[in-house]
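Undergrad: Sharing a model prediction with you, sequence too.
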Amino acid sequence: MTKIVFPVSDMQRATSFYGSLGFEVESFDADYAWVTHRGEEILHLALVPNLDPGANHAAGYFHVQDATEWHAAWTAGGADVGPIDDHPWGMREFALKDPSGNRLRIGQNL
């Protein structure tokens, strides 16, 4: 299975962010961690100390069963998520960025 490795400028801030979304975060060491959801590893975090979040164009797509449910949960938890929309390419999607500028797009088939 493929895993996304997101660069992060501040590991503590990154692990707190993903934890606030309801993911479990396990640190390997001060420079590396992995993020799991319901026991399944979904992405990794790698410290890049000089990373400029404004210039970071890393992105990942999470294909889920119910994007509306994810959007509602993250919104209720205080995450700064974009609007959820149905698109002509047959997907319901929304997006957000983590503190290091990594873009997460979450979508489901319509």
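TA: Looks like it arrived, so ask away. Residues are numbered from 1 along each chain as shown.
Undergrad: pretty sure Phe96 contacts Gly78?
TA: Just so we're on the same page, residue 96 is Leu rather than Phe. No - here Leu96 lies out of contact with Gly78, judged by C-beta atoms under 8 Å, at a distance of 11.5 Å. C-beta here means a position set from N, CA and C on the backbone, and glycine is covered the same way.
Undergrad: Settle it for me: which of these two has more neighbours?
TA: Using other C-beta atoms under 10 Å, the more surrounded residue of Leu96 and Gly78 is Leu96, with 18 against 9.
Undergrad: Would you check how far apart that one and His71 are?
TA: Going from Leu96 to His71 by C-beta to C-beta, to the nearest Å gives 10 Å.
Undergrad: so what's in contact with the two at the same time?
TA: When contacts are counted by C-beta atoms under 8 Å, 6 or more residues apart in numbering, the set common to Leu96 and His71 consists of Val81.
Undergrad: Tell me the secondary structure of the residue located most distally from the centre of the chain, please.
TA: Most distant residue from the mean C-alpha position of the chain: Pro88, 23.8 Å away (C-alpha atoms, centre = their mean). For Pro88, the secondary-structure state derived from DSSP: H, G, I helix; E, B strand; the rest coil is coil.
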